[in-house]
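Participant: Can you look at this prediction? I've put the sequence above it.
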Amino acid sequence: FGREVEVDDRWIEMDYGEFDGQPVADVPAATWREWRNDLDWAPPGGESHRSLGIRVRSALEDLFEASRTSDIVVVTHVSPVKAALAWTLDVGDEVAWRTFVAPASVMTVGAGPGGPSLRGFNDVSHLVGA
(Lines give C-alpha, C1' and ligand atoms only; values in the text may rest on other atoms or scores of the structure.)
Protein backbone atom coordinates (compact mmCIF):
# COMPACT_ATOMS: atom_id res chain seq x y z
CA PHE A 1 0.00 0.00 0.00
CA GLY A 2 3.03 2.25 0.00
CA ARG A 3 2.63 3.17 3.66
CA GLU A 4 4.63 2.53 6.78
CA VAL A 5 3.36 -0.40 8.82
CA GLU A 6 2.36 0.28 12.43
CA VAL A 7 1.85 -2.55 14.89
CA ASP A 8 -0.90 -2.08 17.47
CA ASP A 9 -1.24 -4.90 19.99
CA ARG A 10 -4.90 -4.05 20.51
CA TRP A 11 -5.55 -5.92 17.25
CA ILE A 12 -4.02 -9.25 18.30
CA GLU A 13 -6.26 -12.31 18.41
CA MET A 14 -8.26 -13.06 21.53
CA ASP A 15 -6.21 -14.82 24.19
CA TYR A 16 -7.82 -18.24 24.45
CA GLY A 17 -5.61 -19.18 27.40
CA GLU A 18 -5.61 -22.93 28.05
CA PHE A 19 -7.94 -23.44 25.07
CA ASP A 20 -5.39 -22.08 22.57
CA GLY A 21 -4.64 -24.82 20.05
CA GLN A 22 -7.20 -27.17 21.59
CA PRO A 23 -9.73 -28.74 19.19
CA VAL A 24 -13.17 -27.17 19.60
CA ALA A 25 -14.69 -30.62 20.14
CA ASP A 26 -12.52 -31.07 23.25
CA VAL A 27 -14.10 -28.09 25.03
CA PRO A 28 -16.96 -29.36 27.24
CA ALA A 29 -20.49 -28.32 26.22
CA ALA A 30 -21.10 -26.76 29.65
CA THR A 31 -18.04 -24.55 29.15
CA TRP A 32 -19.34 -23.39 25.77
CA ARG A 33 -22.71 -22.51 27.32
CA GLU A 34 -21.05 -20.51 30.09
CA TRP A 35 -18.80 -18.70 27.60
CA ARG A 36 -21.71 -17.83 25.29
CA ASN A 37 -23.90 -16.57 28.13
CA ASP A 38 -21.37 -14.48 30.06
CA LEU A 39 -19.34 -11.81 28.26
CA ASP A 40 -17.07 -11.59 31.32
CA TRP A 41 -16.21 -15.30 31.37
CA ALA A 42 -12.69 -16.10 30.18
CA PRO A 43 -10.90 -19.38 29.58
CA PRO A 44 -8.29 -20.15 32.24
CA GLY A 45 -5.35 -17.86 31.50
CA GLY A 46 -7.27 -16.13 28.69
CA GLU A 47 -9.46 -13.10 28.13
CA SER A 48 -13.19 -12.47 27.99
CA HIS A 49 -15.21 -11.21 25.05
CA ARG A 50 -15.84 -8.02 26.99
CA SER A 51 -12.12 -7.30 27.50
CA LEU A 52 -11.45 -8.06 23.82
CA GLY A 53 -14.24 -5.66 22.85
CA ILE A 54 -12.85 -2.93 25.09
CA ARG A 55 -9.37 -3.09 23.57
CA VAL A 56 -10.62 -3.26 19.98
CA ARG A 57 -13.05 -0.38 20.55
CA SER A 58 -10.16 1.65 21.95
CA ALA A 59 -8.15 1.02 18.78
CA LEU A 60 -11.13 1.90 16.59
CA GLU A 61 -11.81 5.15 18.42
CA ASP A 62 -8.17 6.14 17.92
CA LEU A 63 -8.41 5.41 14.18
CA PHE A 64 -11.87 6.80 13.51
CA GLU A 65 -11.11 10.51 13.11
CA ALA A 66 -8.05 9.82 10.95
CA SER A 67 -10.17 7.58 8.73
CA ARG A 68 -12.36 10.53 7.73
CA THR A 69 -9.54 11.93 5.59
CA SER A 70 -7.38 8.91 4.83
CA ASP A 71 -7.89 5.25 4.06
CA ILE A 72 -6.69 2.96 6.84
CA VAL A 73 -6.03 -0.77 6.51
CA VAL A 74 -6.04 -3.01 9.56
CA VAL A 75 -4.89 -6.61 9.27
CA THR A 76 -6.09 -8.72 12.17
CA HIS A 77 -7.76 -11.95 13.27
CA VAL A 78 -11.29 -13.34 13.54
CA SER A 79 -12.19 -12.26 17.08
CA PRO A 80 -11.04 -8.64 16.69
CA VAL A 81 -13.00 -8.49 13.41
CA LYS A 82 -16.13 -9.59 15.28
CA ALA A 83 -15.47 -6.97 17.98
CA ALA A 84 -14.99 -4.33 15.27
CA LEU A 85 -18.31 -5.38 13.73
CA ALA A 86 -20.03 -4.92 17.11
CA TRP A 87 -18.51 -1.42 17.43
CA THR A 88 -19.50 -0.49 13.87
CA LEU A 89 -23.11 -1.63 14.34
CA ASP A 90 -23.29 -0.29 17.91
CA VAL A 91 -24.37 -3.67 19.26
CA GLY A 92 -23.09 -5.85 22.09
CA ASP A 93 -20.08 -8.11 21.88
CA GLU A 94 -22.37 -11.16 22.01
CA VAL A 95 -22.86 -10.66 18.25
CA ALA A 96 -19.57 -12.57 17.93
CA TRP A 97 -21.41 -15.82 18.58
CA ARG A 98 -23.75 -15.19 15.63
CA THR A 99 -21.09 -14.12 13.15
CA PHE A 100 -18.95 -16.14 10.76
CA VAL A 101 -15.74 -14.56 9.48
CA ALA A 102 -14.17 -16.25 6.46
CA PRO A 103 -10.38 -16.57 6.30
CA ALA A 104 -8.74 -13.66 4.45
CA SER A 105 -12.07 -11.81 4.20
CA VAL A 106 -12.39 -8.03 4.10
CA MET A 107 -14.61 -5.81 6.23
CA THR A 108 -15.09 -2.21 5.09
CA VAL A 109 -16.17 0.52 7.49
CA GLY A 110 -16.99 4.07 6.45
CA ALA A 111 -16.53 7.11 8.67
CA GLY A 112 -19.57 9.27 8.10
CA PRO A 113 -20.86 12.31 9.96
CA GLY A 114 -23.21 10.09 11.98
CA GLY A 115 -20.47 7.68 12.99
CA PRO A 116 -19.22 4.43 11.51
CA SER A 117 -21.18 2.58 8.84
CA LEU A 118 -20.71 -0.97 7.64
CA ARG A 119 -19.99 -0.87 3.91
CA GLY A 120 -18.88 -4.45 3.41
CA PHE A 121 -18.45 -7.58 5.47
CA ASN A 122 -16.91 -11.00 4.91
CA ASP A 123 -15.94 -10.09 1.35
CA VAL A 124 -13.81 -12.77 -0.27
CA SER A 125 -14.18 -11.63 -3.88
CA HIS A 126 -10.45 -10.85 -4.01
CA LEU A 127 -9.76 -14.57 -3.53
CA VAL A 128 -11.64 -15.69 -6.65
CA GLY A 129 -9.18 -17.38 -8.97
CA ALA A 130 -6.37 -17.10 -6.43
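Facilitator: Nice, I can see it. Keep in mind the model is a prediction, meaning the values are calculated, not measured.

Participant: Name the nearest residue to residue 127, ignoring sequence neighbours.
Facilitator: residue 104 (6.0 Å; Cβ to Cβ, 6 or more residues apart in numbering). Yep, even glycine has a C-beta here, placed from its N, CA and C like the rest.

Participant: er, residue 52 actually
Facilitator: Counting by Cβ to Cβ, 6+ apart, the residue nearest residue 52 is residue 14, at 4.9 Å.

Participant: surely the one you found meets residue 47?
Facilitator: Yes: using Cβ atoms under 8 Å, residue 14 is in contact with residue 47, at 6.0 Å.

Participant: Parallel or antiparallel, which strands does the longest strand seen in the chain pair with?
Facilitator: In the chain, assigned by DSSP state E, the strand with the most residues is strand 115-123. Strand 115-123 has the following strand partners under DSSP bridges: strand 106-112 (antiparallel).

Participant: where does the chain dip in pLDDT?
Facilitator: For the chain, applying pLDDT under 70 flags the ranges 1, 130.

Participant: For it, which segments are assigned as helices?
Facilitator: With DSSP state H, the ranges of helices along the chain come out as 29-37, 49-67, 78-89.

Participant: which ones are touching the residue nearest to residue 127?
Facilitator: Listed by Cβ atoms under 8 Å, 6 or more residues apart in numbering, the contact set of residue 104 reads 124, 126, 127.

Participant: re the thing from before, is it possible to export the helices of the chain to TSV including mean neighbour count and distance to residue 21?
Facilitator: Listed next are the helices of the chain as TSV, based on neighbours: other Cβ atoms under 10 Å; distance: least, Cβ to Cβ, whole Å:
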stretch	mean neighbour count	distance to residue 21
helix 29-37	11	16
helix 49-67	17	18
helix 78-89	21	15
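
Participant: Nice, that's everything, thank you.
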